[in-house]
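# curious how this folds, go ahead:
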Amino acid sequence: MRVLFAALASVGHTYPLIPLALAARAAGHEVHFAVGEGVHAPLAANGLRPFRPADSFYEIYAEDLEPELARLEPDLVVHEWGVPGAAVAARKAGIPGIWHGFGRMFPDGIGLESPAKAVPGRPHVDICPPSLQDKGFLAAEDRIELRPVPYSEPGPSPTVDGPLVYLTLGTAFGTADLLTTVIKGLATLDAYVVVATGRVRVDELGDLPHNVTARPWVSQADLVPRAAVVVHHGGSGTTLGALAAGVPQLVLPQGADQFANAEAIVGVGAGLRLLADELGADAVAEHVRTLSARHDHRDAARAVAEEIARMPSPDEVARRLPDYAQRP
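Numbering: from 1, shown residues only. Predicted coordinates for the structure are as follows:
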């Protein structure tokens, strides 16, 4: 069977699809990946045949993918929530398709079109544990549960002797001022702090305290399970990665779906949040101390980790893909 995956050309939208794409290839299916060139390197390194459809660099519109569908003639299209154009093109071509989520169903008004409205009636690969998923989405949609498996490119993973706090503000929302404020608070803790700076250059942070190490990129999948607390922006990938590892979180939402993710984390007790008008170095330090000292947050995070571990693996879901290729 030939399977075509399609996603927005960003880490947050492409990486969640990689585990299922790898499992589909391991199951003997021919896998191709339609996405902008910004994320081709990790896909190519894993043998997932990435290509840029038409003139798309980030988004994919229906007209971008239509000639590629005619060329490849896939049996199934797995279209990520951020590319409704891929779903439209597959429907027009009469090719079965399924949505693939990147986390919790996002709220209206963040700049993405609701997949349930764009092309309704198609199943959703849902990597969000039900305890955190939007209740309306749970009730209304045909879901294919899939365990979220963190994926990150290889990178430095510092050796740490003692408690570790991991800080990231992702690849789209971080600023030098915000990172500097958060680092100032974390540096007062009796812990080693590892910072993934993303789009912010390390030299923009100035001189770092002795217990802080900053890198443009770290192997987050390797680092998060070793952390006592993860401090982050509320992106779906980091949120689910920390949950899968059973690590409490301090969420500092900046935009997009991050506020809804932060609310869900607080709702299940797996972490705390600081909004923009509450955020300062002292508040960051106080909240991380609370997360480190109280067992209820860690217990809640571990309960969600156990829930995630019970979800079907990518290999299990990949074995079911031919069933969805038979659907009209």
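
# which of the helices or strands spans residue 125?
Assigned by DSSP states H and E, residue 125 belongs to strand 124-126.

# where does pLDDT dip in the stretch 51-200 of the chain?
The stretch 51-200 of the chain contains residues with pLDDT under 70 at 155-156.

# which residues of it fall in strands?
Secondary structure of the stretch 51-200 of the chain by DSSP state E, counting those that start in this stretch: the strands cover 76-80, 97-100, 124-126, 143-145, 164-168, 192-196.

# got the contact list for the second one?
Counting by C-beta atoms under 8 Å, 6 or more residues apart in numbering, strand 97-100 makes contact with 5, 7, 16-17, 20, 76-81, 86-87, 90-91, 115, 119, 122-125, 144, 324, all of which sit outside it. C-beta: built from backbone N, CA, C; applies to glycine.

# could you do the first one as well?
Residues from elsewhere that reach strand 76-80 (C-beta under 8 Å, 6+ apart): 1-8, 13-14, 16-17, 20-21, 69, 86-87, 90, 95-102, 125, 321, 324-325.

# give me the buried entries from the residues you listed.
For the contacts of strand 76-80, a neighbour count by 16 or more other C-beta atoms under 10 Å gives the buried set as 3-8, 13-14, 16-17, 20-21, 69, 86-87, 90, 95-102, 125, 321, 324-325.

# in helices, which of the contacts of strand 76-80 appear?
If you go by DSSP state H, those have 13-14, 20-21, 69, 86-87, 90, 321, 324-325 in helices.

# using TSV, lay out the residues you listed together with distance to residue 250.
Formatted as TSV, the ones in helices among the contacts of strand 76-80 follow (distance: C-beta to C-beta, whole Å):
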residue	distance to residue 250
13	24
14	26
20	30
21	32
69	44
86	35
87	35
90	40
321	37
324	38
325	43
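
# which one of the residues you listed is nearest residue 277?
For the ones in helices among the contacts of strand 76-80, the minimum distance to residue 277 (C-beta to C-beta) is 29.2 Å, reached by residue 13.

# which residues touch that closest one?
Contacts for residue 13 (C-beta under 8 Å, 6+ apart) come out as 7, 80-82, 102.

# residue 2 contacts residue 72, doesn't it?
Yes: in this structure, residue 2 is within contact of residue 72 by C-beta atoms under 8 Å, at 6.5 Å.

# so what sits against both of those two?
residue 32.

# for the spatially closest residue to residue 4 that is not a sequence neighbour, what are its contacts?
Nearest residue to residue 4 in three dimensions, chain neighbours excluded: residue 74, at 4.0 Å (C-beta to C-beta, 6 or more residues apart in numbering). Counting by C-beta under 8 Å, 6+ apart, residue 74 makes contact with 2-4, 32, 95.

# can you rerun that using 10 Å?
By C-beta atoms under 10 Å, 6 or more residues apart in numbering, residue 74 lies in contact with 1-5, 29-32, 34, 68, 90, 93, 95-97, 325.
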